[in-house]
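> I need the structure of the sequence given here:
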Amino acid sequence: MRLTAVTVFAGIAGLSACGAADSAVRIPVERPNAEISCVSFFCKIGDEPAILVHDLEPADLGSLNARLSWLEKESCLVAVTKDRTVVPIWPQGTTPVHTPEGRHGVKPPGRSEILEGDAFKQAGSWVAGAEAPPSGCGGHDGFFAVDSFES
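Numbers count the residues shown, from 1 in each chain. Below is the predicted model of the structure:
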């Protein structure tokens, strides 16, 4: 039985408050030769860019129109809107991309690559915080768990 994003986020908030993580839950991420670090329902994969992925039941509680941006100084891939900068938590199966030309981005399952500078609209859910954000990615306006793409 899969959990909804709302149920999981409430549970994660409770775990964070207690200072414990559910180390028994692991998301199978097939990414050879990549660093994988899982905490609860989130995994951090890759490096430059390191990204967060999730294995949550789609909730589509929100929407985000954004442009993907690579923050070189922080080594962080973010989604930028006119008034927010958020760290996306991509659906399971998404892989980090670093092109030969030096562009950073992601390859979500069943979709073409989204590279820095690309605009997209994503449905998903706002997350109060993630337990293991990629280095340098913790100080932005929040986290958004991507469920599906509209464009």
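> Any idea what the closest residue to residue 140 other than its chain neighbours is bridged to?
Using Cβ to Cβ, 6 or more residues apart in numbering and skipping residues adjacent in sequence, the residue nearest residue 140 is residue 85, 4.7 Å away. All C-beta spots, glycine's among them, are computed from the backbone N, C-alpha and C. Applying DSSP bridges to residue 85 gives these bridge partners: residue 80.
> Hmm, residue 85 is touching residue 76, no?
No. At 9.3 Å, residue 85 and residue 76 do not qualify as touching, with contact defined as Cβ atoms under 8 Å.
> any residues in contact with both of those two?
Residues touching both residue 85 and residue 76 (Cβ atoms under 8 Å, 6 or more residues apart in numbering) are residue 140.
> And these two? Which one has more around it.
residue 76 (23 against 16; other Cβ atoms under 10 Å).
> Surely that one is in contact with residue 134?
Yes. Counting by Cβ under 8 Å, residue 76 does reach residue 134; the two are 6.2 Å apart.
> Need the residues touching each of those two.
49, 87.
> Return the distance of residue 45 relative to residue 96.
Using Cβ to Cβ, to the nearest Å, residue 45 is found at 7 Å from residue 96.
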